[in-house]
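Chemist: turn this into a structure:
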Amino acid sequence: MRSEPECIPCILKDIEEAGRLILKDREKKTLLLKRSMEFLVKEFDGKNPPPYYITHVHRILKEISGTKTPFAERRRRCNEVGLQVAKKIEKEIEKLQGYERFAQLALWAVTGNSVDFRTAGSGYDFALQAIEEKWREVLSRGLAVDEREKIWEVLQSSKRVLYIPDNVGELALDRLLMEVVKEMGKKLVVGMRGGAITSDATMEDAKAVGIDQIADHLLITGPDTLGISITEMSPELQEELRLADLVIAKGQANYQVLSELKEESHFRNPKSAIRISNCACLFTTKCNLVASRFGLEGKVGIVKLI
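Modeler: Here you go, the predicted structure:
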């Protein structure tokens, strides 16, 4: 999914909110917005998915702030909240088996994606103590697009599954869904971001919530990118995308990138082109631009096989 002109104000709003909390100096806040706008003026042509542009403006923030991991404390606390909620969910679903267990945990995975502290609309000031309450409210709404049964059928016949998480906090809920995959006897490969950016989960976060204890292999998808990246994707991820019988990808950013890869190859050499067979995208839409691709509007839950 490529960017549209209406993505520009959203990108600037996001980086302004982040800078307001990270940068205490008025001049640095001004410099952040100035350099972000200069980048967009020079680079924004709509040919790349939105995460490409968001990644670069947040790297400008990291450079100006001199901070390798912005929001480090908030990221840690989000994972703690996620682990607390995950324990409650485990007790609530302990009697569910088979498809019912998978379906409920897939719903929780999408629900977890409804709140992250970087998204316009929830924002960087979102109260962490309100996360569980918000999640349960979203859970009660269900899904606007529901292809869990299709995905379950593909999962049953798959031998190798690649799971690409999205954010801290919800990562603990992802682990519950990953456990279902492992219990089915599948080889589970999990792709984590190679560096911290906004709320995207890294290898350190995976270890913090115990994913390293259940995955057959953890790989780095690339550097500090928002979601996976077409232009900075690691060779190991490229190879795994070809090998996996099923890719389960969390988050709107990963949907935007993977849907673009499915629509056309971004690699000139046919021998190196990525051919993704089955890709299940689990996410909550964060804007009308994405929701409109499904004939919807607003923030809605999506489970779609693309």
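Chemist: where does the prediction get shaky in the stretch 101-250 of the chain?
Modeler: The model of the stretch 101-250 of the chain has pLDDT under 70 over residues 116-129.
Chemist: show me where it has its strands.
Modeler: Using DSSP state E, counting those that start in this stretch, the strands of the stretch 101-250 of the chain run over 145-146, 160-164, 187-192, 217-220, 246-250.
Chemist: which parts of the helix or strand where Leu261 lies are buried?
Modeler: Assigning secondary structure by DSSP states H and E places Leu261 in helix 252-263. For helix 252-263, a neighbour-count test (16 or more other C-beta atoms under 10 Å) marks 252-262 as buried. For the C-beta atoms, the positions are set from N, CA and C on the backbone; glycine is no exception.
Chemist: counting neighbours, what do you get for the spatially closest residue to Arg148 that is not a sequence neighbour?
Modeler: In this structure, Arg148 finds its nearest non-sequential neighbour in Ala103, 4.9 Å apart by C-beta to C-beta, 6 or more residues apart in numbering. Ala103: 19 surrounding residues under other C-beta atoms under 10 Å.
Chemist: on that earlier part again, pick the most buried one from the strands of the stretch 101-250 of the chain.
Modeler: strand 246-250 (a mean of 26; mean count of other C-beta atoms under 10 Å).
Chemist: give me the sheet partners of that strand and which way each runs.
Modeler: Strand pairing for strand 246-250, using DSSP bridges, gives strand 160-164 (parallel), strand 279-284 (parallel).
Chemist: contact partners of stretch 235-243?
Modeler: Stretch 235-243 is touched from outside by 160, 162, 189, 191, 219-222, 228, 247, 261, 272, 274-276, with contacts defined as C-beta atoms under 8 Å, 6 or more residues apart in numbering.
Chemist: looking at these, which two lie furthest apart in space?
Modeler: Farthest-apart pair in the contacts of stretch 235-243 is Ile220 and Arg275; separation 21.6 Å (C-beta to C-beta).
Chemist: what does the domain assignment say about this structure?
Modeler: What automatic domain parsing lists as the domains of the chain is 7-65, 82-305.
Chemist: can you list the ones you listed in CSV and add distance to Arg74?
Modeler: Below are these laid out as CSV (distance: least, C-beta to C-beta, whole Å):
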stretch, distance to Arg74
domain 7-65, 9
domain 82-305, 6
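Chemist: could you identify which of the ones you listed is most buried?
Modeler: Ranked by mean neighbour count, these are led by domain 82-305 with a mean of 19 (mean count of other C-beta under 10 Å).
Chemist: CSV for the strands paired with strand 246-250, including distance to Ile214?
Modeler: Output for the strands paired with strand 246-250, formatted as CSV (distance: least, C-beta to C-beta, whole Å):
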stretch, distance to Ile214
strand 160-164, 10
strand 279-284, 18
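Chemist: looking at the ones you listed, which is closest to Leu139?
Modeler: So among the strands paired with strand 246-250, strand 279-284 is nearest, using C-beta to C-beta, at 11.2 Å.
Chemist: residues in contact with that closest one?
Modeler: If you take C-beta under 8 Å, 6+ apart as the criterion, strand 279-284 is touched by 106, 109-111, 113-114, 138, 147, 151, 154, 166, 246-252, 254-255, 258-259, 262, 299-306.
Chemist: angle of it against helix 252-263?
Modeler: 150 degrees (axes from the mean of the first three to the mean of the last three C-alpha atoms, to 10 degrees).
Chemist: going on from strand 279-284, what's the next piece of helix or strand?
Modeler: According to DSSP H and E, the helix or strand after strand 279-284 is helix 288-291.
Chemist: and stretch 19-37, how far from the chain's centre?
Modeler: 25 Å (C-alpha atoms, centre = their mean, to the nearest Å).
Chemist: err, stretch 275-282, not the other one
Modeler: Offset of stretch 275-282 from its chain centre (C-alpha atoms, centre = their mean): 14 Å.
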